[in-house]
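**Student:** quick check, what structure comes out for this input:
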Amino acid sequence: MATAAKVTAQSYNMRYLMFKSKIQENLSKLSNEDKQLVARWVEKLNSFCTKMSDLEMRNNIIMNLLFQTQTGKLQKPFTSPPTFSSLEKVGPIQDMDKDNLFPEDLRLPLIMQNSPDHGAFLVSQPVPKCGAFAYIAIVSRPMNK
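**Tutor:** Model prediction:
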């Protein structure tokens, strides 16, 4: 059985991957220079995935980056390449109302809520660059809450 911390880390990682994929969808709205900056930021954020506090800050930063790619205009701190060694040194990130930004996307998918491993298997699978990934789960009994 997964511990609460492991489930929370998986949830953060799953949301991070979702934000990352949505950023990919918005790259066409950006200039080539901004696309390169976004790629550098995402690459740098990929390296912060050990401590729970880093996961939360990493997700807040990438969510802000996603918001800016949706508008088609990057703002500080994303207007220059990332040079920080810890997430605390990123600087101020504007606060956003997560529920109003994309409320349905922040809820865990039903498969993650109801699967016995809370989606651990699904999150660990590689995502193909082209094509699709299909996953079928059959659960014989409801989870105890």
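
**Student:** residue boundaries of the helices in this protein?
**Tutor:** For the chain, helices defined by DSSP state H occupy the ranges 4-26, 32-46, 52-71, 98-101, 103-106, 110-114, 120-124.

**Student:** okay, those in a markdown table with distance to Ala132 and mean neighbour count next?
**Tutor:** Backbone N, C-alpha and C define where each C-beta goes, glycine included. Formatted as a markdown table, the helices of the chain follow (distance: least, CB to CB, whole Å; neighbours: other CB atoms under 10 Å):
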| stretch | distance to Ala132 | mean neighbour count |
| --- | --- | --- |
| helix 4-26 | 13 | 16 |
| helix 32-46 | 22 | 15 |
| helix 52-71 | 22 | 19 |
| helix 98-101 | 26 | 11 |
| helix 103-106 | 19 | 10 |
| helix 110-114 | 15 | 13 |
| helix 120-124 | 13 | 14 |
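
**Student:** out of those, which gets nearest to Gly131?
**Tutor:** Closest approach to Gly131 among these (CB to CB): helix 4-26, 14.2 Å.

**Student:** sorry, back to before: tell me which of the helices of the chain lies nearest to Thr83.
**Tutor:** helix 32-46 (8.8 Å).

**Student:** quick revisit: wait, which of the helices of the chain is closest to Ala134?
**Tutor:** Using CB to CB, the helices of the chain put helix 120-124 closest to Ala134, at 10.7 Å.

**Student:** turn the helices of the chain into a markdown table, columns for distance to Pro77.
**Tutor:** A markdown table is the format used below for these (distance: least, CB to CB, whole Å):
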| stretch | distance to Pro77 |
| --- | --- |
| helix 4-26 | 16 |
| helix 32-46 | 9 |
| helix 52-71 | 9 |
| helix 98-101 | 19 |
| helix 103-106 | 23 |
| helix 110-114 | 31 |
| helix 120-124 | 28 |
